[in-house]
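Asks: One predicted model, sequence on top.
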Amino acid sequence: MSDRAWIATRKGLFELRRDAAGWRLARAHFLGEPVSIMLPGTAARPMIAALNLGHFGVKLHASDDGGEAWREVAAPAYPEQPKDVDGDVPWKLVQVWSLAGQGSRLWAGTLPGGLFRSDDSGASWQLVESLWRRPERREWMGGGYDVPGIHSICLDATDARHMLLGISCGGVWRTRDGGENWTLEGRGMLADYLPPEQAGNLNAQDPHRVVRAPSSPAVLWCQHHCGIWRSADHGENWSRIHAPQSSFGFAVAVHPREPETAWFAPAVSDQRRVPVEAALVVNRTRDGGRSFETLREGLPQHDCYDLIYRHCLQVADDGRTLLMGSTTGNLWASGDGGGTWQCVSGSLPPIHAIAFETAA
Amino acid sequence: MPRILFTQQLRRFTVTPEVDTPATTLQGALDAAFAANPQLRGYVLDEQGHVRRHVSIFIDGRRLRDRACLAEPLGAESEIYVMQALTGG
């Protein structure tokens, strides 16, 4: 695996390097600017950082040399909003919430709910109209924001036409033909924040984060607003899973080669988004959610109020190296699959997202 | 002739020309500045052509109220300041 990772924060993008002594902070990029998400580059496409400037809007920057030099590229832009349609969200880009790369192609999931594609390294972006024009899209609701958004883009390395999206709050959507047609999936998910007869409404689910098992693409894991779910059939049907301490949280990571191994960072509940008993833990399952280990060595065990947000618990392609960052600005690393953790920094800005650079 | 100026805060992202323009509306003055630096448009206006929520525009000391209407008339010697709005943090 690569010895480099990236931490997108409220006040800049921080580069992390690993040497014999462990992970350490290296350079800061865009210091002072909110970076909502980033995607490491490959030989086929540049690295992309999405800034969310407080005053001047969303800006995307690309680098072809691993962050030595950055250039501003186009930001996704919504088409002109029809004037004769009432009750829709403003067709204005609020935030880039997810980025994914597929060869040279880039995908961007955004608030207020549009998926965009770029085939020219970010020089231009096209809204995926087939999803945006779906009547169900108008029913999506904000989840933690005023407007709905796409935070999870689950590609399938074995079939480039397959993609599954996680939307807060719009459930999980799947395409099997590269984005021409979409189906609303998620059977089995339940929303207890809705009236009882609406609890199973697939289009109103809040899947906080969805990840696909790279080695077994039919397997998907979801940390949902109301618990944990797992699918073994590309997201059509989901089984509920109960973790120790709490099944509430935002983040989930899945092992690159063991689809039954996944990590979660629980918080008390919707109403109290802090670690159970103020002691931070990670829940790990190795058997598809039938059992869990609660891992805490090296993590703060008293007076801890850190929350691990959606994109802030990541596993590297070796399956052992993990990074976890909090909204309080703490960053921890594990080299043994979460068994033990070391604090990398206790004074970063609030962490929005973490990404490992993949080996070239 | 009307003159349009931009907050120094923008200089860390892009070039902010000071433009003297014969424009008779705010839209015309903005267009003159965007012609000098096309990248500036996306920093001031959103994709619907509205003034960004956290950008404030002052014309001769009066703050623009309607972010969607850029037809505001200019006087012969109007001064337009494009500033950051502190609502944006």
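Replies: Arrived safely. Residues are numbered from 1 along each chain as shown, chains lettered A, B, ... in the order given.

Asks: mind listing the strands for the stretch 151-300 of chain A?
Replies: Counting by DSSP state E, counting those that start in this stretch, the stretch 151-300 of chain A has strands at residues A:163-168, A:171-175, A:183-185, A:209-212, A:220-224, A:227-231, A:239-241, A:248-254, A:262-267, A:282-285, A:293-295.

Asks: can these go into CSV with extra columns for mean neighbour count?
Replies: C-beta coordinates here come from the backbone N, C-alpha and C atoms, glycine included. Listed next are the strands of the stretch 151-300 of chain A as CSV, based on neighbours: other CB atoms under 10 Å in any protein chain shown:
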stretch, mean neighbour count
strand A:163-168, 28
strand A:171-175, 23
strand A:183-185, 18
strand A:209-212, 24
strand A:220-224, 28
strand A:227-231, 24
strand A:239-241, 15
strand A:248-254, 25
strand A:262-267, 25
strand A:282-285, 22
strand A:293-295, 16
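
Asks: Quick one, which of those strands gets closest to chain B.
Replies: Counting by CB to the nearest CB, chain B lies closest to strand A:163-168 out of those; the figure is 20.8 Å.

Asks: Paired strands for the closest one, with orientation please.
Replies: strand A:149-155 (antiparallel), strand A:171-175 (antiparallel) (DSSP bridges).

Asks: between the shortest one and strand A:227-231, how big is the angle?
Replies: An angle of 20 degrees separates the directions of strand A:171-175 and strand A:227-231 when computed by axes from the mean of the first three to the mean of the last three CA atoms, to 10 degrees.

Asks: Return the alpha-carbon coordinates of strand A:171-175 using CSV.
Replies: C-alpha atoms of strand A:171-175 as CSV (Å, rounded to 0.1, in the frame of the first residue of the first chain):
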residue,chain,number,x,y,z
GLY,A,171,-32.4,5.8,0.1
VAL,A,172,-30.1,3.7,-2.2
TRP,A,173,-30.3,3.9,-6.0
ARG,A,174,-28.8,1.5,-8.4
THR,A,175,-27.9,1.5,-12.1
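
Asks: how big is the angle separating that strand from strand A:220-224?
Replies: 150 degrees.

Asks: The residue nearest to residue B:58 when sequence neighbours are not counted and chain A, how far apart?
Replies: Leaving out its chain neighbours, the residue that sits closest to residue B:58 by CB to CB, 6 or more residues apart in numbering or on different chains is residue B:81, at 4.5 Å. Distance of residue B:81 to chain A, given as CB to the nearest CB, to the nearest Å: 14 Å.

Asks: Within the sheet, what are the partner strands of the helix or strand residue B:81 falls within, with directions?
Replies: In the assignment (DSSP states H and E), residue B:81 maps to strand B:79-84. Here strand B:79-84 is paired, per DSSP bridges, with strand B:3-6 (parallel), strand B:55-59 (antiparallel).

Asks: Identify the residues contacting residue B:39.
Replies: A:72, B:14, B:15 (CB atoms under 8 Å, 6 or more residues apart in numbering or on different chains).

Asks: change it to 7 Å
Replies: For residue B:39, the contacting residues are residue B:14, by CB atoms under 7 Å, 6 or more residues apart in numbering or on different chains.

Asks: Can you pull the phi/psi pair for it?
Replies: Note on residue B:39: backbone dihedrals following degrees, to the nearest 10 are phi -60, psi -20.

Asks: before we move on, what about residue B:34?
Replies: Dihedral angles (degrees, to the nearest 10) for residue B:34: phi -70, psi -30.

Asks: how about the strands paired with strand A:163-168 in JSON lines, adding distance to residue A:301 and mean pLDDT?
Replies: Supplementary listing: the strands paired with strand A:163-168 in JSON lines, determined by distance: least, CB to CB, whole Å; pLDDT from 0 to 100:
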{"stretch": "strand A:149-155", "distance to residue A:301": "30", "mean pLDDT": "98"}
{"stretch": "strand A:171-175", "distance to residue A:301": "35", "mean pLDDT": "98"}
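
Asks: Quick check: beta-bridge partners of the residue nearest to residue B:58?
Replies: Judged by DSSP bridges, the bridge partners of residue B:81 are residue B:5, residue B:58.

Asks: Please apply the same query to residue A:248.
Replies: residue A:267.

Asks: Not counting its neighbours along the chain, what's nearest residue 64?
Replies: Picking chain A for this. Closest to residue A:64 by CB to CB, 6+ apart is residue A:46, at 4.9 Å.

Asks: wrong chain, I was asking about chain B
Replies: residue B:57 (4.2 Å).

Asks: Take the strands paired with strand B:79-84 and write them to TSV, including mean pLDDT.
Replies: Output for the strands paired with strand B:79-84, formatted as TSV (pLDDT from 0 to 100):
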stretch	mean pLDDT
strand B:3-6	97
strand B:55-59	97
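
Asks: For residue A:192, find the nearest of these.
Replies: strand B:55-59 (40.3 Å; CB to CB).

Asks: Buried residues, the closest one. List them.
Replies: B:55, B:56, B:57, B:59 (16 or more other CB atoms under 10 Å in any protein chain shown).
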